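Asker: sequence plus predicted model, see below.
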Amino acid sequence: MKKIAASVALSTLAATGVEARPDGSATGQQISRVGTRASVAGPEENFTGRVRVDPLFAATPEVNASSAYVTFEPGARSAWHTHPAGQRLIVMSGVGLTQEAGKPIQEIHPGDVIECPPDIKHWHGAAPKTAMTHLAVTGVVNGKSVEWMEKVTDEEYNAR
């Protein structure tokens, strides 16, 4: 399987004019053009409300993190979850909420950077009347970036 993946990576890079190492990793800059990555809906089992995920990049051997823009419609939020290697969120627009288990809900605004340490139970999403988009950069351990848990109840969400 690794040989197939390396072969595909080599041929893909060759087609774009980027040189590659034998393992398929690039030796120079790569540009992933806007419009080449499809947006997806946040899965119902992991989110409450309407959520759109716009993937930016996947983890690689060189950069062991993935990234996406995540847009939450008003009142939408993630389920409780943890990240084995942590996560950084940068609020891009709107007003959001985030909460670490056992602590008060925090309001977040454009330009705020939220550092979620490894294995800390938390959730994040939009404020009740305002959409919110954040840029998420998430570390990966052994191919895993998140451990999903129970959904945030309306009572928990409205507790502030």
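Answerer: Received the coordinates, thanks.
Asker: going forward, measure contacts between C-alpha atoms and count neighbours the same way
Answerer: Noted.
Asker: so who does Ser93 touch?
Answerer: Ser93 makes contacts with His109, Pro110, Ala131, Met132, Thr133, His134, as judged by CA atoms under 8 Å, 6 or more residues apart in numbering.
Asker: now the third one: phi and psi?
Answerer: Pointing back at Ala131 there. With angles defined as degrees, to the nearest 10, Ala131 sits at phi -70, psi 160.
Asker: how about the contacts made by it?
Answerer: Ala131 makes contact with Thr71, Phe72, Glu73, Pro74, Gly75, Ser93, Gly94, Val95, Gly96 under the criterion CA under 8 Å, 6+ apart.
Asker: again, only using 10 Å
Answerer: By CA atoms under 10 Å, 6 or more residues apart in numbering, the residues touching Ala131 are 50-51, 71-76, 93-96, 125.
Asker: going along the chain, name the strands of the protein.
Answerer: Under the criterion DSSP state E, the chain contains strands at 40-41, 47-48, 51-57, 65-72, 77-78, 81-82, 87-94, 96-100, 106-108, 113-116, 122-126, 132-139, 147-148.
Asker: just those: most buried one?
Answerer: Each of the strands of the chain was scored by mean neighbour count; the highest is strand 77-78, a mean of 28, by mean count of other CA atoms under 10 Å.
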